[in-house]
Each structure stands twice: as C-alpha cells, then as structure tokens.
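Asks: Here is my input; please provide its structure:
(one chain, ligands or ions: 2)
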Amino acid sequence: MTQQEKHFNRSRASLQQAISWYASFRRHWNYPPDEQLQAAVKEDLQALKGALDKLDRKAIRIATFGLVSCGKSSIINGLLGQKILQTGPFHGVTQFPQSLRWNPLNSEIEIELIDTPGLDEVSGEVRAKIAREIAQQTDLILFIVAGDITRTEYQALWELRRSQKPLILVFNKIDLYPERDRDSIYYQLQLLNANDDYENLDQIIYTDDIVMVSAQPQPIQVRVESADGTVATGWETPPPQLEELKTAILKILQREGKSLLALNALVQARAAEANIARKTVELRQQEAQDLIWKYAKYKAIAVAANPIPLLDVIGGLVADLALIRSLARLYGLPITNHESGELWRKIAASCGALLLGEITSNLILGIGKGGAALTHAFSSPAAFTIYSATATLQGAIAGYGAYVVGKIAQVYLEQGCTWGSLGASTVMTEILSQVEPNTIIYRLRQELFSK
Ligand SMILES: Nc1nc2c(ncn2[C@@H]2O[C@H](COP(=O)(O)OP(=O)(O)OP(=O)(O)O)[C@@H](O)[C@H]2O)c(=O)[nH]1
Ligand SMILES: [Mg+2]
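Replies: Ligands and ions are numbered 1, 2, ... in the order given. Below you'll find the model as predicted:
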C-alpha cells in the first residue's frame, strides 16, 4: 500500500468513527435527548457525512478564481478540450458556480472542475464570504490573473491562501504579453506585498506554483505568401496553450491526490467536530456548572470526613477523574478512561502549583487529622475542634481543586475533542509528519499546525 493510500484509509477511519459516535451519541447519553442540541448540531453532522461521502467518491474539486473576464471559463473549456462553458468579452458572463467532470487520467480519482463568477462581480464583504465558502469545498484552487495583478486580486489571493488549500497561480492571456515570465510576476507580487506588510510572500505563493497559459489566444495577423509570389494578409488563431497547467495539476494529483483528499476531509471533520463540541458545551453550560459544584462539594466533604491519611489523596484523584468523565458524558463527547486520566495529568501539569498544594496539604493535614482521630479526636472537645478545623480546611482546598479541574476540563473537552487516537487532529498531524518535502502538503504543514 502506498503512503497516499494509507493516509486515505486513516482519514476514512477517522471520519467513520466520528460519524458513528456523533450520530449515535444520544445512545451514550445519560441525559434526556435535547431537541435543541440535536437541531443545533444537525448541520455539522451533515458536513461530516458530506466529507466522508466526498472521500469515498475520491472526488477532487478544483475551482477557478479570478476577476471578471480573466478567462476562468475559457481555461476550463481548454482543459476539457470542449467548449462547454459560455465565454465572452462582456462583464460577468458566468453568474453562478458550475461544476464539470474531468477525467484526464482515466483513473479512479474523479475530478470536478468548478467555474465561478468573477470575484469583482460582488462587493468586498460578500466576495470574501463566497471565496471562503467555495474554498472550503475545494481541494485545489486555480487562481487566474491576466495582465498586471491588482490590489483586489492580491487581497483575494491572500484571503484564499488562508483557507489552507493548495493553489496554482495561473497567468492567462500570455499571448498578449509574450515577454512575461514567472520572475516578473513574482516581483510584482512582492511589490504589492511590501505595501501591505503581510507576512512573507512565500507563504502565499512560490514561483514554482505560477504557470503561464493562453486559454483562448486572439487571432493574429499573418502574411501568406503563395507559390506564385503574391502576398496576402490573413488571420490565424493560434492553438490554446494549456499544457503547463495540465501538467502542474496532474503532477499534484499523482503525487499527492489521495493525501490531499484525506487531509481536506480531516480539515472539514475537525471544523465540524469542533462546532459540535462548542455548541454542546454552550447548551449544557448550566448543567455542567451544577455538576462541577456537586463534585466539588462531594470531594470536599469526603476528603474532610476521611480520617485515614493518603486515602483522601487517592479519593480526591478518583473524584477528579469521575468529574471529568461525567462532564464528557454530559457533553456526549468521546473520551475513554485512559484519555480522562491523560486529561487529568495535563490539567495537573498546567495548574501544577495548585494541585500540588492540594496534595501536599492533603498529606500534611491528612496526617494531622489522622493523628488527631486515632489518638483522642472524640475524647476532648479541644481535640475535636482541631480535627474539624483541619478537616474543613482540607476539604475546602480539595473542593476548590475539584472546581478548578472541572473548569479546565470543560475547556479541554471543548477544544480537544478531535485529539483522540483516531481524532481528526491526530490523524492530520500523523499524515503531515510523513509527507515528502517536495509536496504541496509539506508546504501547508506550518499553516495547518498553527491553526
Ligand atoms: N487574448 C486572449 N484572450 C482570452 C484568453 N482566454 C480568454 N480570453 C478572452 O477573454 C474573454 C473572457 O473570457 P471568459 O473565459 O469568459 O472569462 P471569465 O473569467 O469566465 O469571465 P466571467 O465569467 O465574465 O467572469 C473572452 O472574450 C475570451 O475570448 C487568452 O488566453 N488570450
Ligand atoms: Mg466565466
């Protein structure tokens, strides 16, 4: 099995696990089904299923982006080798996104080419939104420019790059600019970048990702010399030049098509899972609060009342773990015993001083309390006062500890639900750590990690 296939299978397993968990989480639920919650997460569940479905179809979506009349539709026609989409010099020929099948390799990977309306057809806000939405569903972006790159284009390019999708910058109508080369295009981008003080340009695009094409060259005037020596002028339309783009696309697909599919499915799954977790936590806010208080109280009482040193320390830990598990159950989030232990360790590390304080004071006070109890706790009122004061103090510290653990667990559960052994983030990290340095995915790695 190739590495790409491994990535594909891992991603598939991760999505299936997430769907089977979330689609049935009402069964794992200790609480009555919450219609409000079900309605709130319905869309996210559908997004999860949609991502798996796309993965199963091995469907790679390639979308064009660019200003009006830059030649988006012409390029798709050119790749398909058929004039299917309408093109023309008028403003805004394409009004709605449209998707067309393309299978240049006769392979199992199915390619959908998506034609989009010009980016300047709509206002800035809406444009950014549409760009984000389409980019979310896309695996590879063809960002098309013709002529000098404008500020609008630069900003759209930046916006799209933030969607963390691989992108090819296609410079079209090269027949009109025969002297253009990749370096001068890159130089122009650098100038635009300098004005805006964005991060390094190579985070947006590499020179390697710039291709130059001519989808529908203009007819050129030619001199035709006949055998008899007479010279006439005529018009001739040069053939389209799209080989460079085709090669670039196919190279990416062959090298990392399945890994890209896998990663994009995971990116979608991660977003959906994070949404589900956030909405659940939000809607269960009050119950969680009550639960944390309940455990804090129980732990305080139990630790205070327990006369045997060390047992109260262990008891406190057990109570914390039980609290974490109850919270996870309340939220219907997947968490195993092992994971709740891990979570407790993380919490202990992040608020080490406090928990350490709890444990040491438990030990010291516990011994004092135990000593008092064993010798003559109930024989004299003074001893009893010492005993109960120590116990109350110890109980209060323990209860506060539980409260803190509960609060932090709440945040962890909300943010960390995709970090289980087959969780989207884990599988993603795994895939990213294995990819070859010359791939697009490799370059995306930094960005994916930083999100
Ligand atoms: N010279 C030249 N003209 C081109 C080339 N590609 C496209 N055109 C012309 O540019 C115009 C716009 O092309 P379209 O493919 O409709 O552009 P579009 O980006 O889809 O435009 P909208 O759908 O309106 O946003 C048409 O008149 C094409 O003939 C090219 O490579 N060279
Ligand atoms: Mg068009």
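
Asks: Excluding chain neighbours, what is closest to residue 111?
Replies: Excluding its sequence neighbours, the residue lying closest to residue 111 (C-beta to C-beta, 6 or more residues apart in numbering) is residue 102, at 4.5 Å. (C-beta placed from N, C-alpha, C; glycine too.)

Asks: The one you found contacts residue 109, doesn't it?
Replies: No: counting by C-beta atoms under 8 Å, residue 102 does not reach residue 109; the two are 10.4 Å apart.

Asks: before we move on, the earlier item: need the contact list for the residue nearest to residue 111.
Replies: Contacts were defined as C-beta atoms under 8 Å, 6 or more residues apart in numbering; by that measure residue 102 touches 79-80, 111-113.

Asks: what is in contact with residue 102 and residue 109 at once?
Replies: For the pair residue 102 and residue 109, no residue contacts each of them under the criterion C-beta under 8 Å, 6+ apart.

Asks: any idea how the protein splits into domains?
Replies: Following automatic domain parsing, the chain resolves into domains at 3-278+424-450, 284-419.

Asks: anything in the longest one near ligand 1?
Replies: The reference is to domain 3-278+424-450. Yes: counting by C-beta under 6 Å from any ligand atom, contacts between domain 3-278+424-450 and ligand 1 involve 66, 68-74, 87-89, 92-94, 117-118, 172-173, 175-176, 214-218.

Asks: Could you list which of those belong to strands?
Replies: With strands defined by DSSP state E, the entries of the residues of domain 3-278+424-450 next to ligand 1 inside them are 66, 172.

Asks: From the residues of domain 3-278+424-450 next to ligand 1, list just the buried residues.
Replies: For the residues of domain 3-278+424-450 next to ligand 1, a burial check counting by 16 or more other C-beta atoms under 10 Å picks out 66, 69-74, 87, 93-94, 117-118, 172-173, 175, 214-217.

Asks: hmm, back to that, including distance to ligand 2 and mean pLDDT, could the domains of the chain go into TSV?
Replies: Conversion of those to TSV gives the following (distance: least, C-beta to the ion, whole Å; pLDDT from 0 to 100):
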stretch	distance to ligand 2	mean pLDDT
domain 3-278+424-450	3	83
domain 284-419	38	69
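
Asks: so which strand or helix has residue 315?
Replies: Element membership for residue 315, per DSSP states H and E: helix 311-331.

Asks: for that helix, which positions count as buried?
Replies: Within helix 311-331, the residues scored as buried using 16+ other C-beta under 10 Å are 312-313, 315-317, 319-321, 323-331.

Asks: so how far is it off the chain centroid?
Replies: A distance of 31 Å separates the centroid of the chain from that of helix 311-331, by C-alpha atoms, centre = their mean, to the nearest Å.

Asks: what's the closest non-adjacent residue to the most centrally placed residue in the chain?
Replies: Centroid-nearest residue in the chain: residue 267, 3.5 Å away (criterion: C-alpha atoms, centre = their mean). For residue 267, the nearest residue in space outside its immediate sequence neighbours is residue 164; the separation is 6.9 Å by C-beta to C-beta, 6+ apart.

Asks: for the residue lying farthest from the centre of the chain, phi and psi?
Replies: Among the C-alpha atoms of the chain, the one most distant from their mean position (C-alpha atoms, centre = their mean) is that of residue 228, at 69.2 Å. Reported as degrees, to the nearest 10, the phi and psi values for residue 228 are phi -80, psi 0.

Asks: what does the one 3 residues further on give?
Replies: For residue 231, the backbone dihedrals are phi -110, psi 130 (criterion: degrees, to the nearest 10).

Asks: can I assume it is in contact with residue 222?
Replies: No: the pair residue 231 / residue 222 is not scored as a contact, 10.7 Å apart, by C-beta under 8 Å.

Asks: So between the two, which is more surrounded?
Replies: A side-by-side neighbour count of residue 231 and residue 222, using other C-beta atoms under 10 Å, places residue 222 first with 11 against 8.

Asks: What strand or helix carries that one?
Replies: Applying DSSP H and E, one finds residue 222 within strand 220-225.

Asks: Counting by contacts, list what that strand packs against.
Replies: In this structure, strand 220-225 makes packing contacts with strand 231-236, judged by 3 or more C-beta pairs under 8 Å, 6 or more residues apart in numbering; DSSP states H and E.

Asks: how far off helix 311-331 does the following helix or strand past the strand it packs on point, in degrees?
Replies: Counting by DSSP H and E, the element after strand 231-236 in chain order, helix or strand, is helix 243-283. Between the axes of helix 243-283 and helix 311-331, defined by axes from the mean of the first three to the mean of the last three C-alpha atoms, to 10 degrees, the angle is 120 degrees.
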